[in-house]
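could you look at this predicted model? Sequence included:
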Amino acid sequence: MSASKQIVNDIFQELFGRDAEDSGASYWMGEVEAGKVPESDLRGAILHSAWTTDPSSADMKHYRSTETI
C-alpha cells in the first residue's frame, strides 16, 4: 500500500498547519511503500519524528498551540 502525497499533506495540515515539503512527502510515502510505517500509523510517525527531531520547531509550536486535552 502506498500513501499518496494528498494523505501526507492532509496529516501535515492537521498537525502543523501546512503542506509537507516535497522531500518530506516523498520520504513518508516511501516509508509506507517500503512497509516501514503502516498507513494507519503515519500520523503518529510524523508527529513523533517532528517531536524527536526538534521539539522547539515552528511545527511543534503550531501543534502545541492547537492540541486539545
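Yep, that arrived.

how much space between the residue nearest to V37 when sequence neighbours are not counted and L15?
The shortest distance from V37 to any non-neighbouring residue, by Cβ to Cβ, 6 or more residues apart in numbering, is to E31 (4.3 Å). For the C-beta atoms, the positions are set from N, CA and C on the backbone; glycine is no exception. Taking Cβ to Cβ, to the nearest Å as the measure, E31 falls 16 Å from L15.

try W51
10 Å.

those two: which is more packed in?
L15 (18 against 14; other Cβ atoms under 10 Å).

which ones are touching the residue sitting nearest the centre point of the chain?
For the chain, the residue sitting closest to the mean C-alpha position, by Cα atoms, centre = their mean, is I46 at 3.3 Å. By Cβ atoms under 8 Å, 6 or more residues apart in numbering, the contact list for I46 reads V8, I11, F12, L15, W28.

and Q6, by the same measure?
By Cβ under 8 Å, 6+ apart, no residues touch Q6.

try it again with 10 Å
D19, A25 (Cβ atoms under 10 Å, 6 or more residues apart in numbering).

could you do S65 as well?
S65 makes contact with G17, according to Cβ under 10 Å, 6+ apart.

which stretch of helix or strand covers it?
helix 58-66 (DSSP states H and E).

using PDB, list the CA coordinates for that helix.
Extracted in PDB, the C-alpha atoms of helix 58-66 (Å, rounded to 0.1, in the frame of the first residue of the first chain):
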ATOM      1  CA  ALA A  58       7.800  26.100  14.400                       C
ATOM      2  CA  ASP A  59       5.900  22.900  13.500                       C
ATOM      3  CA  MET A  60       5.800  21.700  17.100                       C
ATOM      4  CA  LYS A  61       4.900  25.200  18.400                       C
ATOM      5  CA  HIS A  62       2.000  25.100  16.000                       C
ATOM      6  CA  TYR A  63       1.000  21.600  17.100                       C
ATOM      7  CA  ARG A  64       1.100  22.600  20.800                       C
ATOM      8  CA  SER A  65      -1.000  25.700  20.200                       C
ATOM      9  CA  THR A  66      -3.800  23.600  18.600                       C
END
